[in-house]
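[1] Okay, predicted coordinates and the sequence, questions at the end:
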Amino acid sequence: MADQETKEKYAELALQTGVNLQKGQALMVNAPIEGADFTRIVARKAYEMGAKDVHINWTDDELTLLKYENAPDEVIENFPEWRIKLYESYAEEGAAVLSIRSTNPDLLKDIDSSRVAMANKSSAQAMKNFRQYTMNDRITWSIVSIPTGDWAQKVFPDKLREDAVANLWEAIVKIVRVDQDDPIAAWEAHNETLKTARELLNRKKYTKLIYKAPGTDLEIGLPKGHIWKGGSAVSERGITFNPNMPTEEVFSLPHKYHVNGTVASTKPLNYGGSLIDNFSLTFKDGKVVDYRAEQGEETLKHLLETDKGASRLGEVALVPHESPVSQSGLIFYNTLFDENASCHIALGKAYPTNLEGGAAMDEAELDKHGVNDSLTHVDFMIGSENLDIDGVLEDGTTEAVFRNGTWALNVKGE
């Protein structure tokens, strides 16, 4: 179990390096009630840093499950207006938003997937305006995780609950660099490493990436003017923040109409409390035309049918196999962690900030440049020690980007 000092260091890291909370700024926190002790530390530290207001949106897996089991469809598919106003009012005020994600991966495994899909789509539609604030970096926001009992026992199934939680704390603390003497300085150095990698890729200006691995033979076109990002981001107000902790990726956007071939998943996908595992997707001209999954195929079907953009790609991300998350040897069943163990791609909405001038474009302009739009954005993992990636340059020549799951380019600037 993490001690008080470690939790305080983690809370400070989330506030300073994650959302980079400013004096006089409001903070909204989404947190599991099981993590109330850590959340209280976050709130206290935020006020000590000069936050003018700290609002907590509590979540509880058991109450969520009870609702899915008992509430009628009209409740499941209705996202309350007051919740929309709550989020949008804080965003309009320029609040920072910190989300602590620690859901039980098996929470909804026995719930009809159509009800889960109904709720996910309703939530996505309702939160569309709020999502513009995060996906365009109009506000500072960050996602972190802390252990909860059910999640910990999914990761460590042979451990007693208390021991599983202690083991998961140990893994998280190491991966997010809280075990180091100065985690904030460690993150500054890490962000510089990711900056070097993304700047190299931005100079390359690849027109497409070609992926080869067992079960994967995929070409992903990249739009003209695409931008690689990774590590820290900069908000509309010029505040540097880290959207994801951990993060080991550099990422950009694919051309929504120029994806062809088949890709196989390499880790389970926890989608809204339901697992999709050992699945593959086949693309033609950017759209999924065939799919299969050993587990959660109905859930995958509902995901792809969320809207027109859900069957196209919105993100391509490169993560070396030797990342700290991968080297832990654990499957976290939590996208925040698993996506940072592995190269991944995302179904659904692209980040407009991954295109030159994209943040100022309307939907029609973005579509013209090949930028996908959707109510959803779902990352899934496709990387392994067997993955090779080639990049095609503007003159048509091809060069190695990844070999055997790691960089073939000199991304360290040495």
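    Right, received. Where do you want to start?

[2] Show me the shaky parts of the stretch 301-414 of the chain.
    Residue ranges of the stretch 301-414 of the chain with pLDDT under 70: 413-414.

[3] In it, what residue spans correspond to strands?
    Taking DSSP state E, counting those that start in this stretch as the test, the strands found in the stretch 301-414 of the chain are 313-318, 344-348, 377-381, 388-392, 398-403, 406-407.

[4] Nearest to residue 162, out of those?
    Nearest of these to residue 162, taken as CB to CB: strand 377-381 at 29.3 Å. (C-beta placed from N, C-alpha, C; glycine too.)

[5] Give me the sheet partners of that closest one and which way each runs.
    strand 344-348 (antiparallel) (DSSP bridges).

[6] if we can go back for a sec, closest to residue 291 out of the strands of the stretch 301-414 of the chain?
    Of all the strands of the stretch 301-414 of the chain, strand 344-348 comes closest under CB to CB, at 10.4 Å.

[7] Report the contact partners of the nearest residue to residue 324 once chain neighbours are set aside.
    Among residues not flanking residue 324 along the chain, residue 175 sits closest, at 5.0 Å (CB to CB, 6 or more residues apart in numbering). Neighbour list for residue 175: 246, 324, 325, 328, 337, 340 [criterion: CB atoms under 8 Å, 6 or more residues apart in numbering].

[8] Export the strands of the stretch 301-414 of the chain as TSV, with columns for mean neighbour count and distance to residue 70.
    Output for those, formatted as TSV (neighbours: other CB atoms under 10 Å; distance: least, CB to CB, whole Å):
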stretch	mean neighbour count	distance to residue 70
strand 313-318	26	34
strand 344-348	25	30
strand 377-381	22	27
strand 388-392	20	47
strand 398-403	16	48
strand 406-407	17	49
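
[9] just so I know, which of those lies nearest residue 80?
    Counting by CB to CB, residue 80 lies closest to strand 377-381 out of the strands of the stretch 301-414 of the chain; the figure is 22.2 Å.

[10] Specify the angle between the closest one and strand 313-318 in degrees.
    40 degrees (axes from the mean of the first three to the mean of the last three CA atoms, to 10 degrees).

[11] I'd like to check what contacts strand 377-381. Which residues are they?
    135, 265-267, 269, 271, 276, 279, 303, 314-315, 317, 335, 338-339, 341-349.

[12] Quick check, residue 354 in contact with residue 225.
    No. If you go by CB atoms under 8 Å, residue 354 and residue 225 don't touch, sitting 9.5 Å apart.

[13] These two: which has the busier surroundings?
    More neighbours surround residue 354 than the other of residue 354 and residue 225, with 24 against 14 (other CB atoms under 10 Å).

[14] Without its sequence neighbours, what residue ends up closest to the more buried one?
    Closest residue to residue 354 apart from its sequence neighbours, by CB to CB, 6+ apart: residue 253 at 4.2 Å.

[15] I'd like the distance between that neighbour and residue 377.
    Computed as CB to CB, to the nearest Å, the residue 253 to residue 377 distance reads 11 Å.

[16] Could you do residue 115 as well?
    Residue 115 sits 21 Å away from residue 377 when distances are taken as CB to CB.

[17] Please apply the same query to residue 301.
    18 Å.

[18] Could you do residue 370 as well?
    In terms of CB to CB, residue 370 sits 16 Å off from residue 377.

[19] now residue 336
    Distance of residue 336 to residue 377, given as CB to CB: 13 Å.

[20] residue ranges of the helices in this protein, please?
    For the chain, applying DSSP state H gives helices covering 4-13, 36-48, 61-70, 73-76, 81-92, 113-126, 128-135, 149-155, 161-175, 183-204, 297-304, 324-327, 335-338, 363-368.

[21] could these be laid out in TSV, adding distance to residue 388?
    Listed next are the helices of the chain as TSV, based on distance: least, CB to CB, whole Å:
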stretch	distance to residue 388
helix 4-13	35
helix 36-48	41
helix 61-70	40
helix 73-76	44
helix 81-92	41
helix 113-126	34
helix 128-135	31
helix 149-155	29
helix 161-175	26
helix 183-204	17
helix 297-304	26
helix 324-327	17
helix 335-338	21
helix 363-368	31
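
[22] closest one to residue 258 among those?
    Nearest to residue 258, of these and by CB to CB, is helix 363-368 at 13.3 Å.

[23] Residues contacting the closest one, please?
    With CB under 8 Å, 6+ apart as the test, helix 363-368 has contacts from 256, 350, 352, 355, 358, 373.

[24] what's the burial count for the third one?
    Neighbouring residues of residue 352 were enumerated by other CB under 10 Å; the total is 23.

[25] give the contact list for the most centrally placed residue in the chain.
    Residue closest to the mean C-alpha point of the chain, counted by CA atoms, centre = their mean, is residue 336 at 5.1 Å. Residue 336 makes contact with 101, 143, 144, 145, 244, 246, according to CB under 8 Å, 6+ apart.

[26] In strands, which of the residues you listed appear?
    Among the contacts of residue 336, the ones falling in strands (DSSP state E) are 143, 144.

[27] Sort out which of the contacts of residue 336 are buried, if you could.
    101, 143, 144, 145, 244, 246 (16 or more other CB atoms under 10 Å).

[28] Residue 178 is in contact with the last one, correct?
    Looking back up the chat, that one is residue 246. No. Look at residue 246 against residue 178 with CB under 8 Å: they stay out of range, at 10.4 Å.

[29] Please read off the pLDDT at the residue nearest to residue 218 when sequence neighbours are not counted from the model.
    Computed as CB to CB, 6+ apart, the closest residue to residue 218 that is not its neighbour in sequence is residue 261, at 3.9 Å. With respect to pLDDT, residue 261 scores 98.
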